[in-house]
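A.B. asks: let's see this in three dimensions:
(one chain, ligands or ions: 1)
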Amino acid sequence: MSYKITEGVTWVGKIHPDFGQVFGKKLSTKIGTTYNSFLIKDEKNVLIDTVWSPLGKEFVSDLKKEIDLKEIDYIVITHGELDHSGALEDLMEEIPHTPIFCTGASICSLKGQFHKDWNFIQVKTGDELIIGERKLIFYESKMLHWPDSMFVYMTKDNILFSTDVFGQNYSAHESLLFDDCLDGEELYQRALKVYVNLFASYNKIVNKKIEELKNLNLDIKIICPSHGVTWRSNPWYIIDKYAQWSNDYEENQITIAYETLRGSTEKMAQYIEEGIKQVWSEIKVKLCNLAHMDNSDIIVEIFKSKAVLLGSPTMNNGIFPSIAGLIELIKGTKLKDKHYSAFGSYGWSGESVGQIIEDFKRYNFRVIDEGIKQLWAPDEDAKNRCIEFGKSFANKIKDSDKKEI
Ligand SMILES: Cc1cc2nc3c(=O)[nH]c(=O)nc-3n(C[C@H](O)[C@H](O)[C@H](O)COP(=O)(O)O)c2cc1C
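C.D. replies: Residues are numbered from 1 along each chain as shown. Reported below is the predicted structural model:
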């Protein structure tokens, strides 16, 4: 399958509808993904990116239907991650001497992954490659989200090939491969999920790079990310979203994420929510049971929140393993500047809440309360304590909001 982006540019990537998880289990897609590869035909023919290794043979065979491979003059790799470079192995067997344009860091990552001495040509920010009527201009975009990433802007069609930046995971049908063919809210949520899971840990770098991109004053009419749909109706919409998301973004939300063995910690979560709502009716409280939600979705809720409560029963004198994993994920995503506290039920020794708070402090999370714990199932008295805890927690966040204004 292929389809035209513009007269001179054809999508020649692969759709992977049954691909539910990216990076092991780090990022769920639920409806799969696309690996976007683009063929530009001009006086010189250029292939931008390839697809994931297991689809390499299929990719090369489909590409032959679009062009005699010997007529590909240049290959451009926007970053070395295998879901975009993996098919190089199959492709280079057919055209081993074709130059591969990429950043210096990509040469290292591609050599490290393939151990092949292909004809690499290093490009730097501002370098240009004239291919006929069109010109490719390269902009390094280090740590968005790999050290070797780069944007490629193409004149005439005014396309920004943006690597994983501005991407989303969709395994769209042919008619759905443009932003204007999709439900805007779902597209927003999918783009945000990619942002949080891949880019949020580099917020400051992203913000600077997006400002730089804006200041280049490029007349961008189309954005082709390396996953998901092409932005053509209003490409500046997603550029502006990245500028917002990378700048201390938060919504009026508190997230309560918990796991429970027998339901007591879950009851505590519900009572705490009740307390929060009693003093702050406008705030959205999002309850996330780790048994029923992916971490890659929960981290999006945490990203959006002003404050976060983690709930864990005590298990084997410690924190429930999934909650311990979530703390690692929050740390890695660098969301420690939210307001944090903890809660949980226990049966005899009751270490979980104290250990969560200790972890928060060790990693310099902003702890706003030492938390609340409950022996066995909450009774009426414990219910009231949880409600009071929720009220007091909400009031502290409100006060802190006022101080920051
Ligand atoms: C496998 C297992 C290990 C446990 N280990 C501890 C423990 O080390 N210390 C403790 O205080 N309670 C321990 N408990 C008791 C639970 O913390 C207690 O039942 C709690 O109320 C469970 O909360 P939940 O209903 O939210 O799952 C353990 C329970 C189970 C099932």
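A.B. asks: alpha carbons only for contacts and neighbour counts from here, please
C.D. replies: OK.
A.B. asks: can you list the residues of this protein near the ligand?
C.D. replies: Contact residues (C-alpha under 6 Å from any ligand atom) of the chain with the ligand: 260-266, 313-317, 345-350, 376-377.
A.B. asks: tell me the residue of this structure that sits nearest the ligand?
C.D. replies: Residue nearest to the ligand within the chain: residue 261 (2.9 Å; C-alpha to the nearest ligand atom).
A.B. asks: does residue 345 count as helix, strand or coil?
C.D. replies: strand (DSSP: H, G, I helix; E, B strand; the rest coil).
A.B. asks: likewise residue 399?
C.D. replies: Applying three-state DSSP: residue 399 is helix.
A.B. asks: ok, how many other residues are close to it?
C.D. replies: 10 (other C-alpha atoms under 10 Å).
A.B. asks: from what I can see residue 98 touches residue 73, true?
C.D. replies: Yes. If you go by C-alpha atoms under 8 Å, residue 98 and residue 73 touch, sitting 6.4 Å apart.
A.B. asks: narrow the residues of the chain next to the ligand to those that are buried.
C.D. replies: Among the residues of the chain next to the ligand, those buried by neighbour count (16 or more other C-alpha atoms under 10 Å) are 260, 264-266, 313-315, 345-346, 350, 376-377.
A.B. asks: for the residue of the chain closest to the ligand, what are its contacts?
C.D. replies: residue 313 (C-alpha atoms under 8 Å, 6 or more residues apart in numbering).
A.B. asks: that one: what secondary structure?
C.D. replies: Recorded secondary structure, residue 261: coil (three-state DSSP).
A.B. asks: one step back: between the buried ones among the residues of the chain next to the ligand, which is nearest residue 249?
C.D. replies: Of all those, residue 249 sits closest to residue 266, with 28.2 Å by C-alpha to C-alpha.
A.B. asks: which residue comes closest to the closest one once chain neighbours are left out?
C.D. replies: residue 260 (6.0 Å; C-alpha to C-alpha, 6 or more residues apart in numbering).
A.B. asks: roughly how far does the one you found sit from residue 267?
C.D. replies: Residue 260 is 9 Å from residue 267, where distance means C-alpha to C-alpha, to the nearest Å.
A.B. asks: make sure residue 3 is actually in contact with residue 14.
C.D. replies: No. Counting by C-alpha under 8 Å, residue 3 stays clear of residue 14, with 11.4 Å between them.
A.B. asks: between these two, tell me which one has more neighbours.
C.D. replies: A direct count of neighbours by other C-alpha under 10 Å for residue 3 and residue 14 places residue 14 higher, at 23 against 14.
A.B. asks: contact partners for the more buried one?
C.D. replies: Going by C-alpha under 8 Å, 6+ apart, residue 14 touches 1, 34-37, 51, 55, 59.
A.B. asks: closest to residue 302 among the residues you listed?
C.D. replies: Of the contacts of residue 14, the one sitting nearest to residue 302 (C-alpha to C-alpha) turns out to be residue 34, at 26.6 Å.
A.B. asks: just to revisit the earlier point, in helices only, show me the contacts of residue 14.
C.D. replies: The members of the contacts of residue 14 that map onto helices under DSSP state H are residue 59.
A.B. asks: just the closest of the contacts of residue 14 to residue 230, please.
C.D. replies: Closest to residue 230 out of the contacts of residue 14 is residue 36 (9.5 Å), distances taken as C-alpha to C-alpha.
A.B. asks: neighbours around the closest one, how many?
C.D. replies: Counted with other C-alpha under 10 Å, residue 36 comes out at 27.
A.B. asks: doesn't residue 223 make contact with it?
C.D. replies: No. With contact defined as C-alpha under 8 Å, residue 36 and residue 223 do not form a contacting pair (11.9 Å).
A.B. asks: just to revisit the earlier point, report the separation between the residue nearest to residue 266 and residue 270.
C.D. replies: 12 Å.
A.B. asks: repeat for residue 328
C.D. replies: For residue 328, the distance to residue 270 - C-alpha to C-alpha - is 25 Å.
A.B. asks: what do you get for residue 402?
C.D. replies: Distance from residue 402 to residue 270, by C-alpha to C-alpha: 26 Å.
A.B. asks: which of those two has more residues huddled nearby?
C.D. replies: Using other C-alpha under 10 Å, the more surrounded residue of residue 402 and residue 270 is residue 270, with 18 against 9.
A.B. asks: average pLDDT across the host helix or strand of residue 92?
C.D. replies: When elements are assigned from DSSP states H and E, residue 92 belongs to helix 88-94. Here helix 88-94 scores 98 as its mean pLDDT.
A.B. asks: that's all I had, so thanks and see you.
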